[in-house]
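Undergrad: Quick one: sequence and predicted model below, then my questions.
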Protein chains: 2
Amino acid sequence: MTSTPNSEERVAAPAFSSGDHAFMARALRLAERGAWTTKPNPMVGCVLVRDDDVVGEGWHQRAGGAHAEVHALQAAGDRARGATAYVTLEPCAHTGRTGPCAEALVAAGVARVVAAMRDPFPQVSGQGFERLRAAGIAVESGLMEAQARQLNRGFLSRIERGRPWVRVKLATSLDGRTALASGESKWISGEASRRDVQYWRARSGAILTGAGTVLVDDPQLTVRLEDGEEEFVPPLRVVLDPGLATVARGRIREGDAPTLYIHAPDAKPPRGLSAQVASVPVRAGRFDLEAVLRLLAERHHVNEVQVESGATLAGALLAANLVDEVLLYVAPVLMGAQARPLFSGLDIGSMAERLQLSLIETRQLGEDTRLLLQPAAPAG
Amino acid sequence: MTSTPNSEERVAAPAFSSGDHAFMARALRLAERGAWTTKPNPMVGCVLVRDDDVVGEGWHQRAGGAHAEVHALQAAGDRARGATAYVTLEPCAHTGRTGPCAEALVAAGVARVVAAMRDPFPQVSGQGFERLRAAGIAVESGLMEAQARQLNRGFLSRIERGRPWVRVKLATSLDGRTALASGESKWISGEASRRDVQYWRARSGAILTGAGTVLVDDPQLTVRLEDGEEEFVPPLRVVLDPGLATVARGRIREGDAPTLYIHAPDAKPPRGLSAQVASVPVRAGRFDLEAVLRLLAERHHVNEVQVESGATLAGALLAANLVDEVLLYVAPVLMGAQARPLFSGLDIGSMAERLQLSLIETRQLGEDTRLLLQPAAPAG
């Protein structure tokens, strides 16, 4: 994905007031409310402001439903006339499952539109802005673009790179171990961490694991929220299983979520299997992981994939430079040097070769520390 | 060490006002100013309050110098009459290198003394209070005792257990590695972390390492502060070197701090060695680590020892249940499963046997995360 963290500051920042920033920040927070439900669509928020008062706000709640702008315009009614619309993404100009938002903004008499970023589709980027400008509306773009891109990093990855944003979730001991030599790993992290994982699952389009994890840990890989928590679109459970050895096994067949087994071309899916299957090329006994990710993006419209696996798959993704984010729950325990490592297959011979990540965020969850990390951009 | 985290709440809390707590908190902060200089004495702070006004405050600055109470009384002058003295430790009743503080408080006409804790020496505990009460002063003890004990955990460990408080400092990658297989480890942690380590060294009475670290990392193990930072008593550098193989090697012989080599009974220290030496029993090729710690407490009056070593010594201390605190700098890098572990020699076969620690504090230092941990109290 083309990262543009500085384009906002570089190009547009001087033109925006602190009020503009505050309203856009509000729009971004609204957008995020759709994290569990808008997929595979992007999260979008809209705030309508007239004379410094918020007269309407909305967010895109689910694919196929009304866009953020429409919700905000409905809430504002006549007060939308002469207002400024803060939107986290360029309003659409095409008629998809809903009417074009640019038209709706024009019809409502909005005077100014401030967007965090352009439409990421190269073919349609700027068309919404053109339509607005043609109607005499003042249009500015690039306010808090870095934040908007971070919010929709999954959607942008799928559109711009043709693969999902890959988040590797791991629970580790202080000494970097995810399981004992025996495979035993329940539970390294505490209850607060295990609850937190559910929220990250809920925003994911898919949860990816390997056959080994299915056999040893037997996870269900569904989203389990507390009563009263919001709804979500269940992520696709994806098992990398070259020989389809696990299709008849494990709790992964239970629960209210679809499952996809990815197998080697020479494996034959059994008849009557209720789960989905797909074949992906294997090289030297290992799946072509780029092909796996392309499949998830193209056929299943997965924006964010959360990897919940053992050290082999996690290490293979990392070694292939396919990890975008590491979500690490560090529990205050020691498991000893015989226990299993975080990532296998990293061949690092000198400190210069060490894999540098950037710490995005730290958070305490009970006694655990949650680190959100992204691989540091390679030099140059 | 007998831990009494709840005695304050259990016994005395209802008697103390929020003002009492605020003034004791101030006294504790003052006490901590002596962290780099009072050793081997305890850190002590004193705040004198009359009519809710602070009329004098002080802290124990260095062994042999005036006690906290004396500094505070000097600052208060006549305003000490009728005041309440908040002290983090029972005032002394004996004439040591300075006159007894209990007498000084009586002479100044103080009306009430609130102490965080009793004198830890069983033989003299309570004698300061008795002297004050005999002079008609109201005496209360136990306010913020847990905090006072935490502050002086090193001193209390030496007095109550006959060994220093053992802090193991480690810099680790996310995957729990302290060095590559080659031994290379410079630098895992960032600059802010390496600066932070200096402060922890400054408060330590000794820095303990092994001959292997001297040979591979060649550390100086002195305290290096920025210009303008406070003075400190240089900690004793202690090298565990059974055969005295390293006495003629390394930067550890440089710098303005004493060095002690601990060797096996059968090793012969070379003539003309300027460093100190001591012999400690060896069992099955390994030093008796309890004897090492006893030696440091009894002969060198070390309150806190900071271990800066490789995985072997760190693991041996942990396995011997001699680690009181782990100071862990977690850098956002991955070093791979071939790299060296945090602790060697931990034989953990099931999750029930995993070593549980308690997270005391987390802090961001640049891109690193600093965790301060203490082994969890064993059940029962």
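TA: Great, that's in hand.
Undergrad: how about the residues of the stretch 101-250 of chain A that lie near chain B?
TA: With Cβ under 8 Å from any Cβ of the partner chain as the criterion, the stretch 101-250 of chain A meets chain B at residues A:172-177, A:180, A:182, A:184-188. C-beta: built from backbone N, CA, C; applies to glycine.
Undergrad: And the residues you listed, which is closest to chain B?
TA: The shortest approach to chain B among those belongs to A:G176, at 2.2 Å (Cβ to the nearest Cβ).
Undergrad: hmm, back to that, among the residues of the stretch 101-250 of chain A next to chain B, which lie within helices?
TA: Among these, no residue falls in helices (DSSP state H).
Undergrad: what two of those are the furthest from one another?
TA: By the measure Cβ to Cβ, A:L174 and A:S182 form the most distant pair in these, at 19.5 Å.
Undergrad: Those two: which is more packed in?
TA: Between A:L174 and A:S182, counted using other Cβ atoms under 10 Å in any protein chain shown, A:L174 has the larger neighbour count: 25 against 13.
Undergrad: give the contact list for that one.
TA: Residues in contact with A:L174 (Cβ atoms under 8 Å, 6 or more residues apart in numbering or on different chains) are A:330-334, B:172, B:176, B:326, B:328, B:342, B:357, B:371, B:373.
Undergrad: Can you add pLDDT, neighbour count and secondary structure and give the residues you listed back as CSV?
TA: Output for the contacts of A:L174, formatted as CSV (pLDDT from 0 to 100; neighbours: other Cβ atoms under 10 Å in any protein chain shown; DSSP: H, G, I helix; E, B strand; the rest coil):
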residue, pLDDT, neighbour count, secondary structure
A:V330, 97, 29, strand
A:A331, 96, 24, strand
A:P332, 96, 24, coil
A:V333, 95, 24, strand
A:L334, 94, 26, strand
B:T172, 95, 25, strand
B:G176, 93, 29, coil
B:V326, 97, 25, strand
B:L328, 97, 24, strand
B:L342, 90, 30, coil
B:L357, 95, 23, strand
B:L371, 96, 22, strand
B:L373, 96, 23, strand
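Undergrad: B:V247: which of the residues you listed is nearest?
TA: Checking the contacts of A:L174 against B:V247 by Cβ to Cβ gives B:L342 as the nearest, at 28.4 Å.
Undergrad: Next, count neighbours for the residue nearest to the closest one when sequence neighbours are not counted.
TA: Nearest residue to B:L342 in three dimensions, chain neighbours excluded: A:D175, at 4.1 Å (Cβ to Cβ, 6 or more residues apart in numbering or on different chains). A count of neighbours around A:D175, defined by other Cβ under 10 Å, yields 28.
Undergrad: what's the answer for A:G56, then?
TA: Per other Cβ under 10 Å, the neighbour tally for A:G56 reads 22.
Undergrad: quick one, phi psi at it?
TA: phi -170, psi 150 (degrees, to the nearest 10).
Undergrad: and the closest residue to it other than its chain neighbours, what element?
TA: Nearest non-adjacent residue to A:G56, counting by Cβ to Cβ, 6+ apart: A:A76, 2.9 Å away. Per DSSP states H and E, A:A76 falls inside helix A:68-76.
Undergrad: which helices and strands sit right next to that helix?
TA: Applying 3 or more Cβ pairs under 8 Å, 6 or more residues apart in numbering or on different chains; DSSP states H and E, one finds that helix A:68-76 contacts helix A:18-32, strand A:45-50, strand A:53-59, strand A:84-87, helix A:101-107.
Undergrad: those helices in chain A, which residues are they?
TA: Along chain A, counting by DSSP H, helices occupy A:7, A:18-32, A:68-76, A:101-107, A:127-134, A:145-151, A:153-161, A:191-202, A:211-216, A:289-298, A:311-319.
Undergrad: Could you save the ones you listed as TSV and add columns showing mean neighbour count?
TA: Formatted as TSV, the helices of chain A follow (neighbours: other Cβ atoms under 10 Å in any protein chain shown):
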stretch	mean neighbour count
helix A:7	17
helix A:18-32	19
helix A:68-76	24
helix A:101-107	22
helix A:127-134	19
helix A:145-151	21
helix A:153-161	21
helix A:191-202	18
helix A:211-216	20
helix A:289-298	20
helix A:311-319	22
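Undergrad: Output these in CSV; the columns should cover distance to B:A352 and mean pLDDT.
TA: Converted to CSV, the helices of chain A look like this (distance: least, Cβ to Cβ, whole Å; pLDDT from 0 to 100):
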stretch, distance to B:A352, mean pLDDT
helix A:7, 53, 44
helix A:18-32, 40, 97
helix A:68-76, 51, 95
helix A:101-107, 57, 94
helix A:127-134, 59, 95
helix A:145-151, 41, 97
helix A:153-161, 39, 96
helix A:191-202, 18, 96
helix A:211-216, 18, 92
helix A:289-298, 36, 98
helix A:311-319, 22, 93
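Undergrad: Switch the ones you listed over to TSV; also include distance to B:L151.
TA: Formatted as TSV, the helices of chain A follow (distance: least, Cβ to Cβ, whole Å):
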stretch	distance to B:L151
helix A:7	50
helix A:18-32	41
helix A:68-76	54
helix A:101-107	61
helix A:127-134	61
helix A:145-151	42
helix A:153-161	45
helix A:191-202	29
helix A:211-216	46
helix A:289-298	52
helix A:311-319	42
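Undergrad: quick one: pLDDT of the residue nearest to A:W36 when sequence neighbours are not counted?
TA: For A:W36, ignoring the flanking residues on the chain, the nearest one in space by Cβ to Cβ, 6+ apart is A:F232 at 3.6 Å. Turning to A:F232, the model gives it a pLDDT of 93.
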